[in-house]
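Student: below is the structure, and that's it, no one-letter string:
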C-alpha cells in the first residue's frame, strides 16, 4: 500500500523522476532532478529494501518540498547485473506501515522493473540512433538534390526537429563580402523581424566571436545569467542555448543555433546531433556559393557578349550606351546610371538609365560637370582607376546636380582608349 510512489533513474551524477503516482499534480513531479542522498545511497549499499517507520523522525530522510506528509517510507534500488540504475520509493501517511513482507514484494517488483527499464532504454537508444541515421540520410539527399540555399537549410532545420527538441532554431551565415544574415529559422513568432534584427546585431556577439576562434560548440544553461548574451527581438523567451559552428576549410562560415524555453536543457548528445547536421549545412553553403559564383560568371559572359553584339550592330551612341547599361543590370545592382564624355575640361551626359524614377529626364540634358571643380572626378580620370563614394552625405567633395539628389552611394569608372580617359561611366544607388 502507498499514498505516493516514485521511480527515479540515474542520469550521470543526479536522479530524475520518470514516473510518479498519487501526487496532486504528477506532471509537476515527473522530470524533477535530485542528488542521491544518504538514504537512497544506503539502499544501494545494502542491496535490499530500506524501511523507515517514521520518515519525519529519521535524519537521513530528505525533506523535499511536499514531503511533510510522509511517515511510513520504503525504498529499494533498481539493479541490473550488479549496477544500480535507479530507485523505487513508496510513501505513506501512516507510521510503521511497512514490514518485511512489503520489502520482499517491493524487491521482487524492483528486479522486474529494472529489467523492463533497461530494455526500454535500449529500445529508445536504438530508435533514436535509427531516426538520426534516417534524418542524416534525408538531409544528405536534400543537400545533393538542391542548390537553393535557403530551402536546403530550412529542410535541415525541419529534419532537426525529429532528433532534437527545441522551441526555435536558426542558421546565421557569414557573408563572403562581410556581414551576416539569418537565412533560415523556424519556431519564431515573427521570423522576418527576428531574421532582420539577428543579422544586424549578432555579428558583434562575443559568444559567436569566441566560437569562431575556438571552432567549438557553446552551450549556455541559462542565457539570463550569461554576461555576453544579446537579446534579439522575437526571441525573448530563450533560456537554454546551443550553438555549433558551421565549418568549411578550417573556418567558421556560419552558426547553427538552437533555443529552448527551459533552463539547462541541452546535453552532450544534443551537441553531437547538432554537429552532425552542421556538417551537412557546411556542404550546402559551399555548394550554393560555388553555384552562385559559376552562375554570376556565366551571366557576366552573356552580358558582355550581348553588349558586344549590340555595339557592333549599332552606330547610335545613345543606343550603345543604353544597351551597355541594360546588360550591366543583369550582373550588377544599381538604381540609375549614365555615361558622360569628356570634351576639354567638361563632362557632358550622353545617355542615362533609371533617372525617370527620381527626376525629370529632360533635366539630364543640362548636366555638365567641370572636372576642375571636382577633385575626385579629375583624379579618377587622370589615374584611370575607379572611384567609389560610400556615402555622398558624408563626402566633402560631393556636389549635387539635377540628376544626383537621390544618390547615396556612387561608383565612377573611367572610359579609356589607348591609355587616355575619354569619359566616365557612373552607377548610382539610393542606399
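Tutor: Ah, there it is. Remember, predicted model here, so these are calculated numbers, not experimental data.
Student: surely residue 321 touches residue 340?
Tutor: No: using CB atoms under 8 Å as the test, residue 321 is too far from residue 340 to be in contact (10.0 Å). Every C-beta, even on glycine, is put in place using the N, C-alpha and C of the backbone.
Student: spit out the residues that contact those two alike.
Tutor: Common contacts of residue 321 and residue 340, defined by CB atoms under 8 Å, 6 or more residues apart in numbering, comprise residue 350.
Student: which stretches of this protein have low pLDDT?
Tutor: 122-126, 128-148, 176-183, 190-200, 303-304, 307-308, 310-315, 402 (pLDDT under 70).
Student: quick one: the helices in it?
Tutor: 26-29, 38-46, 100-145, 149-163, 191-201, 206-214, 268-313, 317-328, 375-383 (DSSP state H).
Student: save the ones you listed as JSON lines, and put in mean neighbour count too.
Tutor: JSON lines is the format used below for the helices of the chain (neighbours: other CB atoms under 10 Å):
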{"stretch": "helix 26-29", "mean neighbour count": "12"}
{"stretch": "helix 38-46", "mean neighbour count": "16"}
{"stretch": "helix 100-145", "mean neighbour count": "14"}
{"stretch": "helix 149-163", "mean neighbour count": "19"}
{"stretch": "helix 191-201", "mean neighbour count": "17"}
{"stretch": "helix 206-214", "mean neighbour count": "15"}
{"stretch": "helix 268-313", "mean neighbour count": "16"}
{"stretch": "helix 317-328", "mean neighbour count": "18"}
{"stretch": "helix 375-383", "mean neighbour count": "16"}
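Student: looking at the ones you listed, which is nearest to residue 77?
Tutor: helix 38-46 (4.7 Å; CB to CB).
Student: helices or strands next to that closest one in the packing?
Tutor: Judged by 3 or more CB pairs under 8 Å, 6 or more residues apart in numbering; DSSP states H and E, helix 38-46 is in contact with strand 50-52, strand 72-80, strand 83-92.
Student: how far does that helix sit from its chain's centre?
Tutor: Centroid displacement of helix 38-46 relative to its chain, using CA atoms, centre = their mean, to the nearest Å, is 45 Å.
Student: could you give the angle of that helix to strand 83-92?
Tutor: 130 degrees (axes from the mean of the first three to the mean of the last three CA atoms, to 10 degrees).
Student: by how many degrees do helix 38-46 and strand 72-80 diverge?
Tutor: 50 degrees.
Student: which residue comes closest to residue 36 once chain neighbours are left out?
Tutor: residue 15 (6.0 Å; CB to CB, 6 or more residues apart in numbering).
Student: thinking again about what came up before, tell me which of the helices and strands packed on helix 38-46 sits most buried.
Tutor: strand 72-80 (a mean of 23; mean count of other CB atoms under 10 Å).
Student: that one - contacts with which helices or strands?
Tutor: Against strand 72-80 (3+ CB pairs under 8 Å, 6+ apart) you get helix 38-46, strand 50-52, strand 83-92, helix 100-145.
Student: go again using 10 Å as the cut-off
Tutor: Other helices and strands packing on strand 72-80, by 3 or more CB pairs under 10 Å, 6 or more residues apart in numbering; DSSP states H and E, are strand 4-11, helix 38-46, strand 50-52, strand 83-92, helix 100-145.
Student: parallel or antiparallel, which strands does that strand pair with?
Tutor: With DSSP bridges as the test, strand 72-80 is paired with strand 50-52 (antiparallel), strand 83-92 (antiparallel).
Student: buried set for stretch 230-246?
Tutor: Buried residues in stretch 230-246, counting neighbours by 16 or more other CB atoms under 10 Å, are found at 230, 232, 234-235, 238-246.
Student: do stretch 388-403 as well
Tutor: 389, 392, 403.
Student: distance-wise, check the first one relative to residue 373.
Tutor: Computed as CB to CB, to the nearest Å, the residue 389 to residue 373 distance reads 16 Å.
Student: ok, now the second one?
Tutor: Separation of residue 392 from residue 373 (CB to CB) stands at 16 Å.
Student: residues contacting residue 7?
Tutor: Contact analysis of residue 7 by CB atoms under 10 Å, 6 or more residues apart in numbering lists 15-21, 30, 78, 86-89, 110, 113, 117.
Student: and which of those is nearest to residue 44?
Tutor: Out of the contacts of residue 7, the member with the shortest distance to residue 44 (by CB to CB) is residue 87, at 7.8 Å.
Student: quick check, that closest one in contact with residue 40.
Tutor: Yes: using CB atoms under 10 Å, residue 87 is in contact with residue 40, at 5.3 Å.
Student: identify the contacts common to those two.
Tutor: 8, 15, 50, 75, 76, 77.
Student: dump the residues you listed to JSON lines, plus distance to residue 44.
Tutor: What follows is the shared contacts of residue 87 and residue 40, written out as JSON lines (distance: CB to CB, whole Å):
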{"residue": "8", "distance to residue 44": "11"}
{"residue": "15", "distance to residue 44": "11"}
{"residue": "50", "distance to residue 44": "10"}
{"residue": "75", "distance to residue 44": "10"}
{"residue": "76", "distance to residue 44": "10"}
{"residue": "77", "distance to residue 44": "5"}
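Student: farthest pair within the residues you listed?
Tutor: 15 and 50 (15.5 Å).
Student: ok so, going back, using a markdown table, lay out the strands paired with strand 72-80 together with distance to residue 282.
Tutor: A markdown table is the format used below for the strands paired with strand 72-80 (distance: least, CB to CB, whole Å):
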| stretch | distance to residue 282 |
| --- | --- |
| strand 50-52 | 53 |
| strand 83-92 | 38 |
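Student: of all these, which one is nearest residue 187?
Tutor: If you check each of the strands paired with strand 72-80 against residue 187 by CB to CB, strand 83-92 wins as the nearest, at 33.0 Å.
Student: before we move on, back to that, using CSV, lay out the helices and strands packed on helix 38-46 together with distance to residue 364.
Tutor: As requested, the helices and strands packed on helix 38-46 are exported to CSV (distance: least, CB to CB, whole Å):
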stretch, distance to residue 364
strand 50-52, 95
strand 72-80, 86
strand 83-92, 83
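Student: what's the first-to-last distance across stretch 207-220?
Tutor: End-to-end distance for stretch 207-220: 10 Å, by CA to CA, to the nearest Å.
Student: tell me, how many residues neighbour the spatially closest residue to residue 337 that is not a sequence neighbour?
Tutor: Using CB to CB, 6+ apart and skipping residues adjacent in sequence, the residue nearest residue 337 is residue 427, 4.6 Å away. By the measure other CB atoms under 10 Å, the count of residues near residue 427 is 24.
Student: residues in a beta bridge with residue 427, which ones?
Tutor: With DSSP bridges as the rule, residue 427 is bridged to residue 337, residue 411.
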